[in-house]
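*Asks:* Sequence unavailable; structure follows:
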């Protein structure tokens, strides 16, 4: 998918803001591009919020381990939020070509461990977008 100059510029700023830690920059750009449509900005913002929550929750779950206090409740909330994030991604993808929808579904929305890892990496990048939004709202 061809990215607009605005989206490309935002990706450059996000790359710098993240300290060059983006892992799925091109796919993040696709989501940002799709979310720039006026009827999908709220979907992108909701996805960014969930991405930040999921990234932090995943880190906590890894740190405390399966036997840690509160792990089961975190895991349930994580699973519910992950499903919601997948649904939001599908909503954003409604504005994409069939090829982009298929490629994204195959890479991020499947049921395999590989897809989950890919999705978590993309959500990590989206969490940087959410952080950037928060930082720039206060300026």
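*Replies:* Noted; the coordinates are in hand. Nothing here was measured: the structure is a model prediction, and the numbers come from that model.

*Asks:* roughly how far apart are the residue nearest the centre of the chain and residue 58?
*Replies:* By C-alpha atoms, centre = their mean, the chain has its centre lying nearest to residue 123, at 2.9 Å. Using C-beta to C-beta, to the nearest Å, we find residue 123 at a distance of 8 Å from residue 58. For glycine as for every other residue, the C-beta is placed from the backbone atoms N, C-alpha and C.

*Asks:* residues contacting residue 68?
*Replies:* Applying C-beta atoms under 8 Å, 6 or more residues apart in numbering to residue 68 gives the contacts residue 61.

*Asks:* what about it, is that helix, strand or coil?
*Replies:* Here residue 68 is coil, with the state taken from DSSP: H, G, I helix; E, B strand; the rest coil.

*Asks:* next one: phi and psi at it?
*Replies:* When read as degrees, to the nearest 10, the backbone of residue 68 gives phi -70, psi 150.
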